[in-house]
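Chemist: How does the following fold in three dimensions:
(2 chains)
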Amino acid sequence: MTTAIKLAKAHLKLNFPKPMAILFLMSLTMLAPHYPRIVSAMFFVMVISSVLGITRETRSEELLLTLPAKRSDLVKGQALFVFILQLVYLLCCAAAALAAMFIPFYGKTVAVAQPGMVGNLAFFGVALAVYGAFNFAFMPLYYIKNGKVSPATLLIACIAALVAGFAVYGIFELLAQFVPSVGAVLRSFDFGTLGWQLLVLFGGAAFYVGASALSVMLAVKRYERG
Amino acid sequence: MDSETYALEVTELVKDYGSFKLGPISFALPKGYIMGFVGRNGAGKSTTLKCIMRSVGLDGGTVKVFGENVAENEIKIKEKIAFSTGTFESFPRAKADTLAKVYASFYPTFDFGKYDSLKKRFSLDGSKRLREMSAGMRVKFSVALAMSHDARLYIFDEPTSGLDPVSRDEMLDLFAELIEDGEKSVLFSTHITSDLDKIADYLAIIDDGCLIANGEKDAVLAEHTLVSGATLTGEIKDKAIGYKSTPLGFTALVKSADLPLKGAEHTARPDIEQLMIYYSKGGRRNDNRN
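Modeler: This next block holds a predicted model:
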């Protein structure tokens, strides 16, 4: 695991423009009124796909594979890099969502002027579940064959992962729409539902960890066949 | 056999991409020597080196470094290997020194003093981003990185291809310096055969995924003879590894053991380039697949 951590650090240090800076700027879309929060929360995909695409194009992956590291470490390192970006991005989004609660907009606040679920704790639980589904679809598709991934493969992996992610979100939106008790948790800032919000948050986090770990295992298996 | 006799032993190595198959190939590099790994573009040189470094999965065969199977102790063995590529395009927006720091985190023996002195020797500016460097400078940087940790086996993939003649000569001097203590070994792939004429002790020639000649450079060259004459006879055609025929005469590469041949008016020792050309041009192939 130490080698995988070193590889993740290598990605964080060597990619430029710094992905973190771009993610921070993208998270500010959470402050836009009438803009769906979940769309803002998915902008990390653009950063990740461009960073991974450039890494393959410039044969940076090949360079990393010549270091004292195993092929499985490379997958784990890159996955860790992706997960770090996702979590940092979600934190930025959370900060922006919090700020949106205090920004006035036509007598209300920006936070309530956005469609869909409100930016409460439960939303970030749902977002984690969406990210987990994204990873579960993306990782095994992206690491289909070592060194032979074309831009089309990357695009297909991204699209499939986005479909998986939005499908999970769609389920929650449907539940919020048709099950009043779920709607009360997902569509309100009411502190009375804080316990349920926390439950969704931790449930989402658990799903994220499980799905992401499984995605790495599958990706390693596929990549090692290459 | 002493496990330390060979720096590198490649046995029955196979990599099958579907559209291209490498091997099975076998060769060994004795400790303290330089081996030139030569072949035309697309012959399988880089694939072989990637297999040695396990950058790609093997479909068969084994690779041993100083007697240890790379598959069994990959990380430990890779710490003893320095690898550099002649087409260094990686992390173009990173600064050279930043990449060196990352590199150093993987090698416990990375020596920044050595890195600085190599930067000076190659006139490299570590504060530059890699994309701001010329192709030749990037190659030099890649070699500087590779040589800054205490490796025992140096693998260079086309290290001189993007360099001007002066830089190439400097690089070859550096390789020669490396093996002075008799402990270090160098394997370098190239299609610039004049580099091998200068410094290689051993030679492995690859074509279309097959090893066509391999061994001590002088022995490999002595095994072959270039024959020429006015008329290409059937006997020469039959024995030739490859030949060129014009209305004015012919030149053919044959095994020295097949001499004398009727119609061979002149004989000469071939150089590496001629070996490569005649083998690649077709005709008989040395059966090194076994």
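
Chemist: Leaving out the residues flanking it, which one is nearest to A:Gly119?
Modeler: Leaving aside its chain neighbours, A:Gly119 sits nearest to A:Ala97 (3.3 Å; criterion: C-beta to C-beta, 6 or more residues apart in numbering or on different chains). Yep, even glycine has a C-beta here, placed from its N, CA and C like the rest.

Chemist: mind listing what's buried in the host helix or strand of that neighbour?
Modeler: A:Ala97 is located in helix A:71-100, with elements delineated by DSSP states H and E. Within helix A:71-100, the residues that count as buried by 16 or more other C-beta atoms under 10 Å in any protein chain shown are A:71-86, A:88-90, A:92-94, A:96-97, A:99-100.

Chemist: And it, what does it pack against?
Modeler: Secondary-structure packing of helix A:71-100 (3 or more C-beta pairs under 8 Å, 6 or more residues apart in numbering or on different chains; DSSP states H and E): helix A:2-14, helix A:19-27, helix A:37-41, helix A:44-57, helix A:60-65, helix A:121-142, helix A:194-225.

Chemist: helix or strand right after that helix?
Modeler: Following helix A:71-100 in sequence, per DSSP H and E, is strand A:104-105.

Chemist: what lines up beside that following strand in the sheet?
Modeler: Paired neighbours of strand A:104-105 in the sheet (DSSP bridges): strand A:108-109 (antiparallel).

Chemist: List of residues touching the partner strand?
Modeler: Residues outside strand A:108-109 that contact it (C-beta atoms under 8 Å, 6 or more residues apart in numbering or on different chains) are A:100-103.

Chemist: Okay, angle between the helix holding A:Ala97 and helix A:2-14 too, please.
Modeler: Counting by axes from the mean of the first three to the mean of the last three C-alpha atoms, to 10 degrees, helix A:71-100 lies at 50 degrees to helix A:2-14.

Chemist: ok, back up a step: so which of the helices and strands packed on helix A:71-100 gets nearest B:Asp207?
Modeler: Ranking the helices and strands packed on helix A:71-100 by proximity to B:Asp207 (C-beta to C-beta) places helix A:60-65 first, at 23.5 Å.

Chemist: how far is the closest one from where the chain is centred?
Modeler: Relative to its chain's centre, helix A:60-65 lies at 24 Å (C-alpha atoms, centre = their mean, to the nearest Å).

Chemist: Could you do stretch B:265-281 as well?
Modeler: The answer for stretch B:265-281 is 19 Å, by C-alpha atoms, centre = their mean.

Chemist: just stretch A:136-156 next, same as before
Modeler: 17 Å.

Chemist: Quick check: buried residues in that stretch?
Modeler: For stretch A:136-156, a neighbour-count test (16+ other C-beta under 10 Å) marks A:136-144, A:146, A:149, A:153-154 as buried.

Chemist: out of those, what pair is the most spread apart?
Modeler: Longest span within those, C-beta to C-beta: A:Phe136 and A:Asn146, 20.5 Å.

Chemist: Touching, A:Ala164 and A:Tyr131? I think so.
Modeler: No - assessed by C-beta atoms under 8 Å, A:Ala164 is found out of contact with A:Tyr131, at 10.4 Å.

Chemist: The two - which one has more neighbours?
Modeler: Neighbours of A:Ala164 and A:Tyr131, each counted by other C-beta atoms under 10 Å in any protein chain shown, are more numerous for A:Tyr131; the result is 30 against 19.

Chemist: before we move on, back to that, relative to chain B, which of the buried residues of stretch A:136-156 is nearest.
Modeler: For these, the closest approach to chain B (C-beta to the nearest C-beta) belongs to A:Asn146, at 5.9 Å.

Chemist: Tell me which of the buried residues of stretch A:136-156 has the lowest pLDDT.
Modeler: Within the buried residues of stretch A:136-156, the minimum per-residue pLDDT falls on A:Asn146 (53).

Chemist: For B:Ile25, which residues count as its bridge partners?
Modeler: Where B:Ile25 sits in a bridge, its partners, by DSSP bridges, are B:Leu13.

Chemist: Please apply the same query to the one 10 residues further on.
Modeler: Legend: beta-bridge partners of B:Met35 under DSSP bridges are B:Leu187, B:Tyr202.

Chemist: gap between B:Phe218 and chain A?
Modeler: Actually, residue B:218 is Asp rather than Phe. 31 Å (C-beta to the nearest C-beta, to the nearest Å).

Chemist: Is that residue in a helix, a strand, or coil?
Modeler: helix (DSSP: H, G, I helix; E, B strand; the rest coil).

Chemist: follow-up on the earlier one: is it correct that the residue nearest to A:Gly119 is in contact with A:Ala111?
Modeler: Yes - at 6.9 Å, A:Ala97 counts as touching A:Ala111 under the criterion of C-beta under 8 Å.

Chemist: follow-up on the earlier one: what's the separation between the residue nearest to A:Gly119 and chain B?
Modeler: 31 Å.

Chemist: Now the phi/psi pair for the residue of chain A most remote from its centre, please.
Modeler: Here chain A reaches farthest from its C-alpha mean at A:Gly107, the gap being 32.6 Å by C-alpha atoms, centre = their mean. Main-chain torsions, A:Gly107, degrees, to the nearest 10: phi 80, psi -10.

Chemist: what's the pLDDT at it?
Modeler: Note on A:Gly107: pLDDT of 79.

Chemist: same deal with A:Pro17?
Modeler: Note for A:Pro17: predicted pLDDT of 59.

Chemist: Pull the contacting residues for the residue nearest to A:Gly119.
Modeler: The contact partners of A:Ala97, by C-beta under 8 Å, 6+ apart, come to A:30, A:37, A:111, A:119, A:123-124.

Chemist: Name the residues of stretch B:129-146 that are buried.
Modeler: B:130, B:133, B:136-146.

Chemist: average pLDDT for it?
Modeler: In this model, stretch B:129-146 has an average pLDDT of 88.

Chemist: mean confidence for the helix holding A:Ala97?
Modeler: Average pLDDT, helix A:71-100: 91.

Chemist: from the chain's centre, how far out does that helix sit?
Modeler: Centroid displacement of helix A:71-100 relative to its chain, using C-alpha atoms, centre = their mean, is 6 Å.

Chemist: To what extent is B:Ala94 buried, counted in neighbours?
Modeler: Neighbours around B:Ala94, by other C-beta under 10 Å: 20.

Chemist: now B:Leu174
Modeler: Number of residues near B:Leu174 (other C-beta under 10 Å) recorded here: 19.

Chemist: Would you double-check that it falls in a helix?
Modeler: Yes - counting by three-state DSSP, B:Leu174 falls inside a helix.

Chemist: give the contact list for it.
Modeler: Contacts of B:Leu174 by C-beta under 8 Å, 6+ apart are B:143, B:147.

Chemist: Could you do the one 3 residues further on as well?
Modeler: With contact set as C-beta under 8 Å, 6+ apart, B:Glu177 has no partners.

Chemist: Please apply the same query to B:Asp116.
Modeler: Per C-beta under 8 Å, 6+ apart, neighbours of B:Asp116: none.

Chemist: still on that earlier bit, and the residue nearest to A:Gly119, how close does it get to B:Asp150?
Modeler: Remark: distance between A:Ala97 and B:Asp150 (C-beta to C-beta, to the nearest Å) = 51 Å.
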